[in-house]
Each structure stands twice: as structure tokens, then as C-alpha cells.
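1. Provided below for reference: sequence and predicted model.
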Amino acid sequence: AAGVIQSPRHLIKEKRETATLKCYPIPRHDTVYWYQQGPGQDPQFLISFYEKMQSDKGSIPDRFSAQQFSDYHSELNMSSLELGDSALYFCASSLAPGLSDGGYTFGSGTRLTVV
Amino acid sequence: AQSVSQHNHHVILSEAASLELGCNYSYGGTVNLFWYVQYPGQHLQLLLKYFSGDPLVKGIKGFEAEFIKSKFSFNLRKPSVQWSDTAEYFCAVRPGGGADGLTFGKGTHLIIQP
């Protein structure tokens, strides 16, 4: 079965650079969630989208922005990168809120290293 | 806002031992509850979830969890663990019916010794 696809798998950037992470949800899933997991830490919710509109916002820094496109894939844009942004960034997808059985499917993540 | 507390950050067991990982949440309304497992170097995988109905939920790989509303708890159990259960386990909560993202506990690092 198709899973949530994230690209790239690994990314190395320098401080103050920008990065764009991509997430392709499971077919027919129209809701996308982004999480950040620092080394040895629990995942922190960043932001979610439903039908191309932002549906919820968590602890996403102002330097980050995200959007969901017409094909439901989502991109997380990160600017002015800091060393502390080094983390594993997970994307998850589900069916529409209210219709979903709530079992998100997580992608394998993008490991971002800022040097 | 909701929060999740996992009491044990590190647990070491021998194979065939019984497992119980504690999870308590704080939220006044209806919640959806989840347990996820993260094997070394891998992504989060859903073990089981509770939405409503029977408070004893059975998941994959022999895991189960019991929702006790009066105690705001959703503890994970397995009668007999295996070496392959070595992983990080996360409890998560979400307000029922919404589009909110999950709130995760800090995780429990489980090590099973052969």
C-alpha cells in the first residue's frame, strides 16, 4: 500500500540558509500534519492543513511557513535556519477531520542538519 | 490545552516479562488516545487507538491498552515482551472530533534484554 512520502530523506544546510521539505500524503487523504522531533525528544506538532487551508497551528516558529497544494501535497518552508532547527521533521496524513478514524499515517521523516 | 505525561522514561525488562507503560493526560473534554512505537531509525507507527466504546483496546504485535476515564489514563500493556519490542513508545492525545494535531508524551525508551 502507498505510504506517506517525504523528500528529501536527509538535508544538510548552513545557518541562515533556507530549506523546503515536501510531503506527499496517502491517496485520498486530504489532511496533512507536520511534526518536529529534536534529538531524543518527543514529536512536537507544528501545523496542519485540511483542503489546502491551515486547520491548526502548534509551536511553529515565525521563520517557518507551510502550505498545501491542490494535489494535497504539502511543503514546509524554513528560513534563516538555526542550529536548533536540526531535527527529524515528520509529516502525517489522514482523512478529513470528523471523517477520519484518527489513525494518522506518518512518513519516514526528513532529517535536517544545520551546520 | 491538553498535555500527556508518561511516567517512565526508561524501562529495562528481560524477555518474556510483562510490560505496562503508564500514560496520563489532562483534558476536560472528549479525547482520542493513541500509542505509537518508533523503532531505532524508523518512523512512528500506530500500535493502537481509542475513540469510544470498549475501553480495552487491542493493537498490533500483542499490545493492548485500557482507557480509564476516571483516572485520565491510557496505559499500554503486553503480557510477554520480546527482544524485538526494543523501541521508543509514545502516548498521544487529541481532542475528540477536531482537526488538531496530536500532543505527544515525552516517550518511554524500552530496552528488552535477551
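-> Thanks, I have it. Numbers count the residues shown, from 1 in each chain, chains lettered A, B, ... in the order given.

2. who does the residue nearest the centre of chain A bridge with?
-> Most central in chain A under Cα atoms, centre = their mean is residue A:34, positioned 3.1 Å from the mean C-alpha point. Beta-bridge partners of residue A:34, counted by DSSP bridges, are residue A:47, residue A:91.

3. OK, contacts around it?
-> A:23, A:45-48, A:60, A:66, A:74, A:76, A:89-91 (Cβ atoms under 8 Å, 6 or more residues apart in numbering or on different chains). Using the backbone N, CA and C atoms, a C-beta is placed for each residue, glycine as well.

4. check residue B:16 too.
-> B:80-81.

5. how about the residues of chain A near chain B?
-> Contact residues (Cβ under 8 Å from any Cβ of the partner chain) of chain A with chain B: A:31, A:33, A:35, A:41-48, A:50, A:55-56, A:58, A:90, A:92, A:97-98, A:101-109.

6. can I get the CA coordinates of stretch A:37-44 in PDB?
-> C-alpha atoms of stretch A:37-44 as PDB (Å, rounded to 0.1, in the frame of the first residue of the first chain):
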ATOM      1  CA  GLN A  37      11.300  15.800  16.600                       C
ATOM      2  CA  GLY A  38      14.600  17.000  18.100                       C
ATOM      3  CA  PRO A  39      17.300  14.500  19.100                       C
ATOM      4  CA  GLY A  40      16.000  12.300  21.900                       C
ATOM      5  CA  GLN A  41      12.800  14.300  22.200                       C
ATOM      6  CA  ASP A  42       9.100  13.700  21.600                       C
ATOM      7  CA  PRO A  43       7.500  14.900  18.400                       C
ATOM      8  CA  GLN A  44       6.100  18.500  18.600                       C
END
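
7. what sits up against it?
-> Against stretch A:37-44 from outside (Cβ under 8 Å, 6+ apart): A:35-36, A:58-59, A:84, A:86-90, A:109, B:44, B:90, B:102, B:104-107.

8. stretch B:91-105 too?
-> Residues from elsewhere that reach stretch B:91-105 (Cβ under 8 Å, 6+ apart): A:31, A:33, A:35, A:42-48, A:50, A:55-56, A:58, A:97-98, A:102, A:104, B:1-6, B:21, B:23, B:25, B:27, B:29-36, B:51, B:74, B:76, B:90.

9. how about that stretch: buried residues?
-> Neighbour-count burial for stretch B:91-105 flags B:91-95, B:99-105 (criterion: 16 or more other Cβ atoms under 10 Å in any protein chain shown).

10. also stretch A:38-45?
-> The neighbour-count check on stretch A:38-45 (16+ other Cβ under 10 Å) flags A:42-45 as buried.

11. cool, stretch B:19-32 as well?
-> Applying 16+ other Cβ under 10 Å to stretch B:19-32 flags B:19, B:21, B:23-25, B:27, B:31-32 as buried.

12. chain A contacts on chain B?
-> B:32, B:34, B:36, B:42-46, B:49, B:51, B:90, B:94, B:97-107.

13. adding secondary structure and pLDDT, write the buried residues of stretch B:91-105 out as TSV.
-> Output for the buried residues of stretch B:91-105, formatted as TSV (DSSP: H, G, I helix; E, B strand; the rest coil; pLDDT from 0 to 100):
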residue	secondary structure	pLDDT
B:91	strand	96
B:92	strand	93
B:93	strand	91
B:94	strand	86
B:95	strand	81
B:99	coil	58
B:100	coil	70
B:101	coil	79
B:102	coil	85
B:103	strand	89
B:104	strand	91
B:105	coil	93
